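Engineer: Provide a 3D model corresponding to the input given below.
(one chain, ligands or ions: 1)
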Amino acid sequence: MIRVERATLYLVELPLVAPFVTSFGEERVRRALLVALTSGGRTGWGECVAGSGPWFSAETTETARHMILDFVLPLLHGREIEQPREFPSIVAPIRGHPMAKAAVEAALWDLHAQAEGKPLAALLGGTRDRVPAGVSVGIQPDVETLVSRVAGYVAEGYKRVKLKVKPGWDLGPLAAVRERFPDLPLSVDANAAYALADRAHLREFDRFRLLMVEQPLTYDDLVGHARLAQALETPLCLDESISSPHRAWEALELSACRILNVKQGRLGGLSAALEVHALAREREVPLWCGGMLETGIGRALNVAVASLPGFTLPHDISATDRYYREDIATPLFRLEEGHIRVPQRPGLGVEVDTARLQRFTVRAWAWHP
Ligand SMILES: [Mg+2]
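Structural biologist: Got it, this is the predicted structure:
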C-alpha cells in the first residue's frame, strides 16, 4: 500500500561527456526533473524525460514541474494505492502531459517494488538478466569524426549503432560507415527531419541494409509514414509519433511502422509501456527501448523495461560513461560483452548519491499534502 506523504522535485543539470547533436539541435548539459516520493519510510524515485525545450515533445522540465506540483500530486492526496497500475486512471482527468505523469508513476513503481522486496524488472515480468546495448551517435562535425567515433563504440562492444541523420547529413555518412563496417547492425534516426516529398531520396537508404529508419517524418503524421512505408524496403520504426498505447495501435493498424521504439516517458508511464508491450507481442511487432539521455535513475527504469520478453532488438541503453563522467545514482551501468546488466536489488536497484544530488541540483521544490 502506497500513501504519498511527501514529494520533492529536483531540477538537476549534468554535464554531458560530449555535446549530443540531433536534427533538433545540440545539448551540452542534461537538464532533468527528478521526483522523490516518500511513503512509509521509503523513498521512490522517478525521472522526467522532458527536455529543457519543447523540441522532442511539447513538454519541458518546466511544464512538467507545473503539472506534477499543481495537478498530479494533488490527485494522489489522501489516496491509498494498492499498486501502480491504478495510477493512469487516477490521473486520467489530466489531458496530455505524458512525461510529467510518467515521472510520478515511475516513483510509485520504485516504492511498490521496494515494498514487495523485488527488483522492478521482476515485478514487470522481465525475463532477462542482461539486455543488449546499442549506441546512438549524434550528428558529427564531419564524416571522418563520425567513422572514428563509430569505430570506438564497435571496439567497446556495442551491439548496434544508430546514426542520427538529417537532410545534408545522411547518404555520405551512411556510405562511409557501411563501407568501414559491412556487417554492423546499423540503423538511422531522423527525428522527424524529412517530408513525404523526400521519398525518392529516402528510398536510397535501402542500399545500406539498415535495421530500420526511425521517425523520418513529423510526429503527428501516421498516414504519411504509412505511405512512406510502402515506398521503402527498410522497415520504419516510430518514436515521437507514439505518444500513447492507442497511438501505437493506430500506427500498427495503418501499417505506418513495423517496429516500435518504447519510451515509457513519452507513452505516459510504465503501465502504458506494459500495454504497448502486450499489443506488440500479440501482433509479433519487435520492440526496443529508446533513451532520453537519462541519469542513472531513468536508465535503471529503461533496463527493467528492456528485460521484458517482447523487447527483441538492441536498445538505446548505453553504459553511463557514454553520457556522464559522474551520475546521481550508483552503481553506474557498465558495458559487459555488449550488454547492460539488469539491477537485481529491490526497487529500481540503484541508490541516489545524496552529495551528488545536492551538487547537481539547480532548484528543488517540496510538496506536502
Ligand atoms: Mg528517436
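Engineer: From now on I want contacts and neighbour counts done on CA atoms only, so please keep to that.
Structural biologist: Fine.
Engineer: quick check, Val29 in a strand?
Structural biologist: Yes - using DSSP: H, G, I helix; E, B strand; the rest coil, the assignment for Val29 is a strand.
Engineer: In contact with it, which residues?
Structural biologist: With contact taken as Cα atoms under 8 Å, 6 or more residues apart in numbering, Val29 is in contact with 13-16, 19.
Engineer: Can you add pLDDT, secondary structure and neighbour count and give the residues you listed back as JSON lines?
Structural biologist: Below are the contacts of Val29 laid out as JSON lines (pLDDT from 0 to 100; DSSP: H, G, I helix; E, B strand; the rest coil; neighbours: other Cα atoms under 10 Å):
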{"residue": "Glu13", "pLDDT": "97", "secondary structure": "strand", "neighbour count": "19"}
{"residue": "Leu14", "pLDDT": "96", "secondary structure": "strand", "neighbour count": "22"}
{"residue": "Pro15", "pLDDT": "94", "secondary structure": "strand", "neighbour count": "18"}
{"residue": "Leu16", "pLDDT": "94", "secondary structure": "strand", "neighbour count": "18"}
{"residue": "Pro19", "pLDDT": "86", "secondary structure": "strand", "neighbour count": "16"}
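Engineer: Can I get these in CSV including distance to Ser271?
Structural biologist: CSV is the format used below for these (distance: Cα to Cα, whole Å):
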residue, distance to Ser271
Glu13, 28
Leu14, 28
Pro15, 31
Leu16, 30
Pro19, 32
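Engineer: Next, name the residue at the spatial heart of this protein.
Structural biologist: What sits nearest the mean C-alpha location of the chain, by Cα atoms, centre = their mean, is Gly291, with 3.2 Å.
Engineer: follow-up on the earlier one: out of the contacts of Val29, who's nearest Gly268?
Structural biologist: Nearest to Gly268 among the contacts of Val29 is Glu13, at 23.0 Å by Cα to Cα.
Engineer: What ranges does this protein have for its helices?
Structural biologist: Secondary structure of the chain (DSSP state H): helices at 61-67, 73-76, 87-90, 98-116, 120-124, 143-156, 171-180, 199-203, 222-231, 245-253, 264-267, 270-283, 296-306, 354-360.
Engineer: for the third one, the distance to its chain's centre please.
Structural biologist: Going back to what we said before, that points to helix 87-90. Distance of helix 87-90 from its chain centroid, counting by Cα atoms, centre = their mean, to the nearest Å, is 21 Å.
Engineer: With the fourth one instead?
Structural biologist: How far helix 98-116 lies from its chain's middle: 15 Å, per Cα atoms, centre = their mean.
Engineer: Could I have the CA atoms of it written out in CSV?
Structural biologist: Provided in CSV are the C-alpha atoms of helix 98-116 (Å, rounded to 0.1, in the frame of the first residue of the first chain):
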residue,chain,number,x,y,z
PRO,A,98,2.6,12.0,-20.5
MET,A,99,6.1,12.7,-19.4
ALA,A,100,5.0,14.5,-16.2
LYS,A,101,2.7,11.7,-15.3
ALA,A,102,5.3,9.0,-16.1
ALA,A,103,7.8,10.5,-13.8
VAL,A,104,5.4,10.2,-10.8
GLU,A,105,4.3,6.7,-11.9
ALA,A,106,8.0,5.6,-12.0
ALA,A,107,8.5,6.7,-8.4
LEU,A,108,5.3,4.7,-7.4
TRP,A,109,6.7,1.6,-9.1
ASP,A,110,10.0,2.1,-7.3
LEU,A,111,8.1,2.3,-4.0
HIS,A,112,6.0,-0.7,-4.8
ALA,A,113,8.9,-2.9,-5.8
GLN,A,114,10.8,-1.9,-2.7
ALA,A,115,7.8,-2.8,-0.5
GLU,A,116,7.5,-6.1,-2.3
